[in-house]
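Enquirer: Could you work out the structure for the sequence below:
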Amino acid sequence: MSKHAITIMAGVIVALAAVLAFRGLAGRPPAEGPEIVMPRLSPEQIAGREAFQTYCVECHGERAGGTDSGPPLIHPFYRPGHHDDQTFYAAVSTGVRAHHWTFGDMPPVENITVDEVTAIIAFIRTVQRANDIY
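Expert: Have a look, this model is predicted:
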């Protein structure tokens, strides 16, 4: 077998493994529970947690670890390098089409202020860092 054929075959195997790994993550139950580390919070982050409890907890869970209705935000898919803060602002204001998970589309969040979204993002990013998600 030629080096070119081996390289192509290796690429196909790697791509298939990535697809299978992603499908395994997408079907895995949310990580809500005591395994999510909750760090000490600043006043802004406490305000973010409170806003999160008002607007987000129903779908994303008490610790942002997900529920049967929405994905975990304390997950590497939502790390800043993959979903930056602007993505969160856009999700809240315009909604999101399902793309990593099978929970369905996220509708826009009504009656939330930009300051509340900013505080929620500060809360989420703090909990992500406490759980080694950068």
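Enquirer: State the mean pLDDT of stretch 64-71.
Expert: Looking at stretch 64-71 alone, the average pLDDT works out to 95.
Enquirer: try stretch 84-104
Expert: The pLDDT scores in stretch 84-104 average 94.
Enquirer: If you count neighbours, what's buried in it?
Expert: 88, 91, 92, 96, 101, 103 (16 or more other CB atoms under 10 Å). Placement of C-beta: from N, CA and C, glycine included.
Enquirer: Now, those that are in helices?
Expert: 88, 91, 92 (DSSP state H).
Enquirer: could you measure the second one against residue 49, distance?
Expert: With distances defined as CB to CB, to the nearest Å, the gap from residue 91 to residue 49 amounts to 18 Å.
Enquirer: quick one, phi psi at residue 67?
Expert: Here the main-chain torsion angles of residue 67 (degrees, to the nearest 10) amount to phi -140, psi -170.
Enquirer: For it, which non-adjacent residue is closest in space?
Expert: Take residue 67 and drop its neighbours on the chain: the residue closest to it by CB to CB, 6 or more residues apart in numbering is residue 61, 4.8 Å away.
Enquirer: So which residues of the protein form helices?
Expert: According to DSSP H, the chain carries its helices in the segments 3-27, 43-55, 57-60, 85-94, 114-130.
Enquirer: Quick one: mean pLDDT for the third one?
Expert: It stands for helix 57-60. The average pLDDT within helix 57-60 is 97.
Enquirer: then it to PDB, C-alphas only?
Expert: Output in PDB follows, covering the C-alpha atoms of helix 57-60 (Å, rounded to 0.1, in the frame of the first residue of the first chain):
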ATOM      1  CA  VAL A  57     -32.000  27.200  35.500                       C
ATOM      2  CA  GLU A  58     -35.100  25.500  34.100                       C
ATOM      3  CA  CYS A  59     -33.100  24.300  31.000                       C
ATOM      4  CA  HIS A  60     -29.500  24.400  32.100                       C
END
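Enquirer: how far is it from where the chain is centred?
Expert: Taking the mean C-alpha point of helix 57-60 and that of its whole chain, the gap between them comes to 12 Å (CA atoms, centre = their mean, to the nearest Å).
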